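*Asks:* sequence and predicted structure below; questions after.
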Amino acid sequence: MLQVQVQQNPTIAPYQSEMKAFFAKYMSWASLKNDMINLYMAEFTEPELKELAAFYQTPIGKKTVQRMPVLMTKGAELGQRRVQEHLSELQAAIQAKKGPAK
């Protein structure tokens, strides 16, 4: 994740070690574990969680875990590109609602 951010914003490259330390402190599994457990427990029943755990032990489940960061990054890039391609349309709609500039 950090590498993607540095690629998108090379000006932060000199601060990679500080950012890495920050992420290790606040974004590590140890620091997020209890919160993640609560998130999953709020969305899934215990039987569903057992099914998920079983799925992630399968070859396709393991591949899903491995490829998910790439898919999420590419999906975010796709969304950002799509918005940029059509931003003028959104700006025109907003301007039309505001009315003529005074």
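*Replies:* Here it is on my side, so go on.
*Asks:* residue 33 and residue 40, how far apart?
*Replies:* Residue 33 sits 11 Å away from residue 40, going by Cβ to Cβ, to the nearest Å. C-betas here are computed from N, CA, C, even on glycine.
*Asks:* likewise residue 23?
*Replies:* Separation of residue 23 from residue 40 (Cβ to Cβ): 21 Å.
*Asks:* do the same with residue 54
*Replies:* 15 Å.
*Asks:* centre of the chain to the helix or strand bottoming out on mean pLDDT in the chain, how far?
*Replies:* Using mean pLDDT, DSSP states H and E, the weakest-scoring helix or strand in the chain turns out to be helix 2-8, at a mean of 83. Relative to the chain's own centre, helix 2-8 is displaced by 13 Å; criterion: Cα atoms, centre = their mean, to the nearest Å.
*Asks:* centre-most residue in this protein?
*Replies:* residue 72 (5.8 Å; Cα atoms, centre = their mean).
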